[in-house]
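Chemist: quick one, what's the 3D model for this:
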Amino acid sequence: MQLLAKDGIYIRDYPRAVTNLPLPASGRADVMVRCSTSGTYNILDYTGAVIMRAAVSGATVSSSTLTTWTPTYPAYLTDLRNTPASPGCACETEIDGNGGEVTINDQLFDPNVYLHQIAYGSVVQRTIDGHDNHPYHQHVYPYQIIATDGIGNAAQAAFYQIGDWHDVIQMETENTVVRYTADVHTGVIMIHCHILEHEDEGAMSQELVLDGGTCSCVAGDGGKLGKFGLPCYAPSVTTRVSGKGSMAIKDLQVGDKVMTASGTYQTVYAMDHFHKTKPTEFLQIHTTIKDEKPLEVTPLHMIYVEGKSNPIPANLIKVGDFVRTINHDGGSFDTAHHEVTKIQTIVRNGFYNVLTIDGTIVVDGVVSSTYPALSGTEYIEVWGVKWISHQDFVHTLSIFLRVYHLAAPLCGITGNVAETDEHFAWYDQLYNAGFKFFESQNTLVQGLVVVVFSVGLGILSTLSWLLTNSQHVAIGMTFFATVFYVNRSVV
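Modeler: Presented below is the predicted three-dimensional model:
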């Protein structure tokens, strides 16, 4: 029996004579078998049980020995046996039991936690432990065997050799050192035990590849990957600023006037929240907008699309939808809709959001909200009935914030957060907590909350309408002055 390839990759010493194929769960092998005589041959699994039979018949024919061949590998399979790991990229990964639970580095799977951080383009080295009992499987990047502590099983020693490439291994050795180059994919890489029961019970984890990041065996910020309900933009998204032109959102300052949904420049009255370095998962939305890069937003950030009067969460947008756009060309602004051509997930370091007077902002040409949709829908629903859009709800509630932030400088109140590495406004945290409380209540309590809020929102909507336009203020003052005059005349 001649071994040709494993896990879809040719071996370097093609062909390799073997008598056994100690395949781990999900492992693959390409082999050629020559039977010297006719008859029925049993193929056994590792327990000795027959899993299939090969019936060989016919006259004996002559066949030549397979020719030795050295394959040509693509760049991502460059031989790394003599290439050291990039700085900070040599880490340990252990699959083991923990109080009866199978874990990876003593952690059960958490979708918001990553095990190690990798800089895109780095040579990554992992020392795998615990793979004598647990088949170690990695997605995206196959890895090359660099060293072992010696393999105690002869069949495995012939099958697993230094320089071979795999995406799943299981062998009787204490540790196995593997390497690969992370130069194809950015974002999350899944790793897990390939025993289905163990995987389902939490023996999974993630590695994080960052473009422009650094390697770290201790994942940054406690190993937490930012996946926020709060609305966030990637640091590099751009908006048009009055008197300054195009600027990255990370460089905006309170007081800047940015392009909004109305096609006018509105004041940024608050830096809502930001973190300069936290790895965060974004949706990257590609459109047909000319000369604009893809928009990168968190999934619950709201975007304006064709056919909807209110913005919807970004994770509801599909390829083929049309997003509302405002294009700046030669001093004029053109409103249109452009088709979404591709959506993918990407991880960036940092996130930012600002608040504007009308609750909207144009980023990378796309008209967006500055608010989240925590329920993941366009409307807040009560008893299955659409009550109010998330955009109107949050914008109306935030009237107090707009008044406070606009009046604060007049009262000598300042709050410069530009020099800090992270900032979360207290009202963001209050809104998140309040919304989670509302969703957890029974329908009776939700109904009472809706009644109270409906009255309050009606009053706030009137105040908001008055305060956002000087003409509205004048009309309101005239109305109340007229009512006062008529009342006096009657008396």
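
Chemist: and the most centrally placed residue in the chain, bridged to which residues?
Modeler: When Cα atoms, centre = their mean is applied to the chain, the residue found nearest the centroid is E281 (2.9 Å). With beta bridges defined as DSSP bridges, E281 has these partners: V347.

Chemist: could you check how far it is from L448?
Modeler: In this structure, E281 and L448 are separated by 37 Å, where distance is defined by Cβ to Cβ, to the nearest Å. All C-beta atoms are positioned from the backbone trio N, CA, C, and that covers glycine.

Chemist: which residues of the stretch 201-350 of the chain score low on pLDDT?
Modeler: Applying pLDDT under 70 to the stretch 201-350 of the chain picks out residues 218-231, 328-333.

Chemist: can you map out the strands along it?
Modeler: Per DSSP state E, counting those that start in this stretch, the stretch 201-350 of the chain carries strands over the ranges 204-210, 238-241, 245-248, 257-259, 265-287, 295-297, 301-303, 312-313, 322-329, 332-356.

Chemist: tabulate those (CSV), appending distance to Q144.
Modeler: Conversion of the strands of the stretch 201-350 of the chain to CSV gives the following (distance: least, Cβ to Cβ, whole Å):
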stretch, distance to Q144
strand 204-210, 16
strand 238-241, 40
strand 245-248, 39
strand 257-259, 49
strand 265-287, 26
strand 295-297, 33
strand 301-303, 40
strand 312-313, 42
strand 322-329, 43
strand 332-356, 25
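
Chemist: so which of these gets nearest N133?
Modeler: Comparison of those against N133 by Cβ to Cβ identifies strand 204-210 as nearest, at 16.2 Å.

Chemist: what is that closest one packed up against?
Modeler: Other elements packing on strand 204-210 under the criterion 3 or more Cβ pairs under 8 Å, 6 or more residues apart in numbering; DSSP states H and E are strand 116-119, strand 187-193, strand 332-356.

Chemist: so how far is stretch 115-125 off the chain centroid?
Modeler: Per Cα atoms, centre = their mean, to the nearest Å, the displacement of stretch 115-125 from the mean C-alpha position of its chain is 17 Å.

Chemist: give me the mean pLDDT for it.
Modeler: Here the mean pLDDT over stretch 115-125 is 92, rounded to a whole number.

Chemist: quick one: the helices in the stretch 51-200 of the chain, in order.
Modeler: Listed in chain order, the helices of the stretch 51-200 of the chain (DSSP state H, counting those that start in this stretch) span residues 154-159, 196-200.

Chemist: what does the last one contact?
Modeler: Right, helix 196-200. Contacts of helix 196-200 with the rest of the structure, by Cβ atoms under 8 Å, 6 or more residues apart in numbering, involve 25, 102, 134, 192-193.

Chemist: ranges for the helices of the stretch 301-450 of the chain?
Modeler: Along the stretch 301-450 of the chain, counting by DSSP H, counting those that start in this stretch, helices occupy 390-397, 399-407, 426-440, 443-467.

Chemist: what is the shortest one packed up against?
Modeler: For helix 390-397, the helices and strands in contact under the criterion 3+ Cβ pairs under 8 Å, 6+ apart are strand 366-372, strand 379-382, helix 443-467.
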